[in-house]
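**Student:** Okay, here's the prediction I keep looking at, along with the sequence it came from:
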Amino acid sequence: MRTLLALLLALAAPLAHAHKPSDSYLAIRVEGPNVSGQWDIALRDLDFAIGLDDSGDGDITWGEVKAHHADIAAYALARLKLRSEGAECPAHAGEFLVDDHSDGAYSVMHFTASCPAQVTTLEVSYSLFADLDPQHRGLLRLEHGVATRTAIFGPERATQSFELAKISVLTQFVDYGREGVWHIWIGFDHILFLLSLLLPAVLVLEGGRWRAVARFPPAFWDVFKIVTSFTVAHSITLSLAALGVISLPSRLVESAIATSVVLAALNNVFPVVHGRRWMVAFAFGLIHGFGFASVLRDLGLPQGALLIALVGFNLGVEVGQLAIVSAFLPVAYALRASWFYRRLVFVGGSIAIAVVAGIWLVERAFNMKIITP
Amino acid sequence: MRTFPTSIIGTVTDLVRALALASLAVATHAAPYVPADDATVLERLPVRPGDPVARDLRRLRVELTANPRKRDTAVRLAERYFTLASSEGDPRYVGYAQAALKPWWDLPAPPLDVLVMRAILKQYSHDFSGAMRDLEVATREDPKNARAWSWRSAIHMVQADYEKAREDCLALQKLESELYAVGCMAYLDGTTGKAAAAHGALSAALARSSDVPPDVKVWVLTRLAELALRQGDAKRAEEHFRAAYFEPINDQFLLAAYADFLLDQGRPEQVIPLLVDWVKSDILLLRLALAERALKAPKAREHIEALKSRFDAAALRGDKLHQQEEARFNLSLLGNKEKALALAQENWKLQREPRDARVLLEAALAMKDPTAAQEALDWLERSRHEDPGLRLTAEKLKVFKR
């Protein structure tokens, strides 16, 4: 019967993989002599290697995984060797989480390792599951500064060396500057806040009605004051938060940012503050600074060049901001007297911004998702 | 000045679209979390520990750990894992099987049983030339090894080397019972322009055989359905599919072929109940998503996203095992014709079965580029393959030839 069945399988033609094979996802970040990492390993693979299903019912629960965290750390970290200049960089497990990948649940292990000196070449030896499943692969994402590279580990390529580019002060400055520009471009909440404050710059409030300004200079100075005070304010809090002087919970910060957008936009429709919008920009700019700081924290701050990164990132944000303003102002000035600008863009746009920001506010405050596709 | 307003509206719609995309990106990228409750079930093991299969595997593993060089245990364990890989479609088990054979894996001339098993595992990872080298040695050393001959025929069929496949089938005739030998030959004949005769021979052989195990029966019935389709007989094909479907076993190949048939017949609503429990299998999820898309079912979007992330994960790993499916996914579900054609061409270099030809021809047709599928057109000519759908696509494609 066995040969018959085997024959049958042969005749069924070579099989396509119907499932995803076994992979682990290893993210490593190098900063000076320090290495930090996150390692996602499939629960199924861990169960096969060290046994997680203590109850033997075929279901792996969070309680069972938790009970084995020390085993997972010992098993996995014994199969990952990090070396710098021939010296071992011993790794220690940190926090444990869970993540769902496309093929099931993974254990997420954070770890740190310290090398004796500044890492210039990192040698990674990976042998997880090599003895159990030679088809297993480790997918590495290695970050250093703002450079990222990837590599695939398997039994044939178990040890690989990565030369870490010497990060010059200038490239670091430029890299963080670029991140700053990028963040303002994708940070819709900051753009919308700024736009809400800028929309009325080409108008004046006279007797409760908005009219077009007569000349360009007043509009320009209005914008100048707003942008400058927003910049000064968020630079202050960005620096303080990045240097660890102040820290606020991100949910609070994100909700406050959304609130600031709602208020700024509504102020255009139901004017409360007009002449001193630069003060509004300053006050709320303080909050937005905390938001920028969390991005910078995610990027990771180089220990040796904290100030360079901070200034670079901040300047990048300003450059991005300036680009938006210089695109906005001439167009708004040209259109300021039209019905299109005053009704559709100014009132309609402000209401739209307030609605979007209102949704963000609810989402962020209550940790839920409304704008889903 | 009149262009300003439209460009602003353009910018606003861009912004709105970007907003939607940004929220989509957030929604689909799950972040690591700490489950709220210890009792939360994170993963279900495909083989329950109390299962007789699992117990058997555990026993063999313990035996092998105690003595890793015990060859018959190693081969038996590898065999069990390979069977599991085939029925579950999970390549992990092929890795486990390979690990069991580790002491012999890199030997130039391992013992015969290891050699054949190694070839089977190699072909699973699409190392066809490596597998064939091992099988050639095996059939030379042991010309009565029916299993080695049958795998040779299977690989030669994938490579569209029909002369060699015929030699393999002829060798099998002397070694195996009638149904298997006829099955081998019918598979070959049915692919190379003799579908009617092949159908007749195979259904007669099935009728004459008694005590046919259900999995063998499913295999024969699925082939009969394909042979009927090649003659343009959808009614008879469906009878075979249904008969196979009601056999008491699951078979992914049958489900995939049956689903494709229903999709081609314009009956996507019947695909859903067939495949609804098979979302873990990439090849069946693809068919399910195709049916859902045709029906505009709300689940389609979620399943397309899932497929996309699985193909992305495979790309990250550097896998090229899914190219046929990925080509079809790009062509029919993403509308990415260029990528579909590139994948189908890449796939054709390795695999040359009718379904590989089909996706290549369809992608080339979508791109109106007959030269891109020239090799598949040549194959159709040379093999005299009869499938009416394939022939029609080829004719449509030739119209674009200058």
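**Tutor:** Sure thing, it's come through.
**Student:** got the domain boundaries for the chain?
**Tutor:** This is for chain A. As given by automatic domain parsing, the domain ranges for chain A are A:19-163, A:169-366.
**Student:** wrong one, chain B
**Tutor:** Here the domain parsing of chain B from automatic domain parsing is B:177-249, B:340-402.
**Student:** Can the lengthiest helix in chain A be said to contact chain B?
**Tutor:** In terms of residue count, the longest helix belonging to chain A (DSSP state H) is helix A:306-335. Yes. Using C-beta under 8 Å from any C-beta of the partner chain, helix A:306-335 comes into contact with chain B via A:Val331, A:Ala334, A:Leu335. Just so you know, the C-beta spots here come from the backbone N, C-alpha and C atoms, and that holds for glycine as well.
**Student:** between the domains of chain A, which gets nearest to B:Ala100?
**Tutor:** Closest to B:Ala100 of the domains of chain A is domain A:19-163 (C-beta to C-beta; 9.8 Å).
**Student:** how far out from the middle of the chain is the closest one?
**Tutor:** Taking C-alpha atoms, centre = their mean, to the nearest Å, the mean C-alpha location of domain A:19-163 is offset from the chain mean by 21 Å.
**Student:** Between its first and last residues, what's the separation in that domain?
**Tutor:** In domain A:19-163, first residue to last residue: 35 Å (C-alpha to C-alpha, to the nearest Å).
**Student:** what about the strands in the stretch 201-350 of chain A?
**Tutor:** A:203-206, A:209-212 (DSSP state E, counting those that start in this stretch).
**Student:** again, but for chain B
**Tutor:** Assigned by DSSP state E, chain B shows strands spanning B:41-44.
**Student:** Would you point out the helix or strand in it whose mean pLDDT is lowest?
**Tutor:** Least confident helix or strand of chain B, by mean pLDDT, DSSP states H and E, is helix B:3-28 with a mean of 39.
**Student:** Mind telling me which residue of the stretch 151-300 of chain A is nearest chain B?
**Tutor:** A:Ile152 (5.6 Å; C-beta to the nearest C-beta).
**Student:** number of nearby residues for that residue?
**Tutor:** If you count neighbours by other C-beta atoms under 10 Å in any protein chain shown, A:Ile152 ends up with 17.
**Student:** Can you say which helix or strand has it in it?
**Tutor:** With secondary structure defined by DSSP states H and E, A:Ile152 is part of strand A:147-153.
**Student:** Over stretch B:246-266, what's the mean pLDDT, rounded is fine.
**Tutor:** Stretch B:246-266 carries an average pLDDT of 91.
**Student:** In chain B, where is pLDDT below threshold?
**Tutor:** B:1-30, B:402 (pLDDT under 70).
**Student:** What is the burial count for the residue of it found nearest chain A?
**Tutor:** Nearest residue of chain B to chain A: B:Gly89, at 2.6 Å (C-beta to the nearest C-beta). By the criterion of other C-beta under 10 Å, B:Gly89 has 22 neighbours.
**Student:** Would you confirm that it contacts B:Ala256?
**Tutor:** No. The criterion here is C-beta atoms under 8 Å, and B:Gly89 misses it with B:Ala256 at 10.3 Å.
**Student:** what is in contact with those two at once?
**Tutor:** B:Ile283 (C-beta atoms under 8 Å, 6 or more residues apart in numbering or on different chains).
**Student:** buried stuff in the longest helix of chain A?
**Tutor:** For helix A:306-335, burial by neighbour count (16 or more other C-beta atoms under 10 Å in any protein chain shown) applies to A:308-318, A:320-321, A:324-325, A:328-329, A:331-333, A:335.
**Student:** Counting by contacts, list what it packs against.
**Tutor:** Contacts defined by 3 or more C-beta pairs under 8 Å, 6 or more residues apart in numbering or on different chains; DSSP states H and E place helix A:306-335 against helix A:169-186, helix A:188-198, helix A:216-242, helix A:277-299, helix B:3-28.
**Student:** Among those, single out whichever gets nearest to B:Tyr187.
**Tutor:** Using C-beta to C-beta, these put helix B:3-28 closest to B:Tyr187, at 41.9 Å.
**Student:** Let's verify A:Pro134: helix, strand, or coil?
**Tutor:** In three-state terms, and counting by DSSP: H, G, I helix; E, B strand; the rest coil, A:Pro134 is coil.
**Student:** So it versus B:Ala97, what's the distance?
**Tutor:** Distance from A:Pro134 to B:Ala97, counting by C-beta to C-beta, to the nearest Å: 10 Å.
**Student:** higher neighbour count, these two?
**Tutor:** Set A:Pro134 next to B:Ala97 and count neighbours by other C-beta under 10 Å: B:Ala97 wins out with 28 against 21.
**Student:** Can you pull out the low-pLDDT segments for the stretch 201-350 of chain A?
**Tutor:** Scanning the stretch 201-350 of chain A for pLDDT under 70 picks out A:274, A:300-305.
**Student:** so which residue of it comes closest to chain B?
**Tutor:** In the stretch 201-350 of chain A, the residue that lies nearest chain B is A:Phe340 (5.2 Å; C-beta to the nearest C-beta).
**Student:** how close does that residue sit to A:Ala334?
**Tutor:** 11 Å.
**Student:** and what of A:Gly348?
**Tutor:** A:Gly348 is 18 Å from A:Ala334, where distance means C-beta to C-beta.
**Student:** go on, B:Glu167?
**Tutor:** 81 Å.
**Student:** residues touching A:Ala147, list them.
**Tutor:** Per C-beta under 8 Å, 6+ apart, neighbours of A:Ala147: A:Ala165, A:Asp175.
**Student:** so what's it scoring on pLDDT?
**Tutor:** Looking at A:Ala147, its pLDDT is 78.
**Student:** Check the one 3 residues further on too.
**Tutor:** Confidence at A:Thr150, expressed as pLDDT, is 84.
**Student:** so how many other residues sit close to A:Phe366?
**Tutor:** Here the count is done by other C-beta under 10 Å, and A:Phe366 has 11 residues near it.
**Student:** typo on my end, it should be B:Gly183
**Tutor:** Residues contacting B:Gly183 under the criterion other C-beta under 10 Å number 27.
**Student:** That one touches B:Lys217, doesn't it?
**Tutor:** No. Look at B:Gly183 against B:Lys217 with C-beta under 8 Å: they stay out of range, at 11.2 Å.
**Student:** so B:Ile215 touches B:Asp251, yeah?
**Tutor:** Just to correct that, residue B:215 is Asp rather than Ile. Yes. Look at B:Asp215 against B:Asp251 with C-beta under 8 Å: they come within range, at 7.0 Å.
**Student:** Pull the contacting residues for residue 190.
**Tutor:** Using chain A. Applying C-beta under 8 Å, 6+ apart, we find A:His190 in contact with A:Ile184, A:Ile257, A:His288, A:Gly291, A:Phe292, A:Gln321.
**Student:** I was thinking of chain B, sorry if that wasn't clear
**Tutor:** Counting by C-beta under 8 Å, 6+ apart, B:Gly190 makes contact with B:Ala198, B:His199, B:Arg223, B:Glu226, B:Leu227, B:Arg230.
**Student:** Name the residues of stretch B:298-307 that are buried.
**Tutor:** For stretch B:298-307, by 16+ other C-beta under 10 Å, it's B:Lys299, B:Ala300, B:His303, B:Ile304, B:Glu305, B:Ala306, B:Leu307.
**Student:** let me redo that: stretch A:238-254
**Tutor:** A:Leu238, A:Ser239, A:Leu240, A:Ala241, A:Ala242, A:Leu248, A:Val253, A:Glu254.
**Student:** And for stretch B:277-296?
**Tutor:** B:278-294.
**Student:** same thing with stretch B:306-316?
**Tutor:** B:Ala306, B:Leu307, B:Lys308, B:Ser309, B:Arg310, B:Phe311, B:Ala313, B:Ala314.
**Student:** go on, stretch A:214-228?
**Tutor:** Within stretch A:214-228, the residues that qualify as buried are A:Ala219, A:Asp222, A:Val223, A:Lys225, A:Ile226, A:Val227, counting by 16+ other C-beta under 10 Å.
**Student:** Against A:Tyr333, how distant is the residue nearest to the last one when sequence neighbours are not counted?
**Tutor:** Same thing as A:Val227. Nearest residue to A:Val227 in three dimensions, chain neighbours excluded: A:Val325, at 5.8 Å (C-beta to C-beta, 6 or more residues apart in numbering or on different chains). Using C-beta to C-beta, A:Val325 is found at 12 Å from A:Tyr333.
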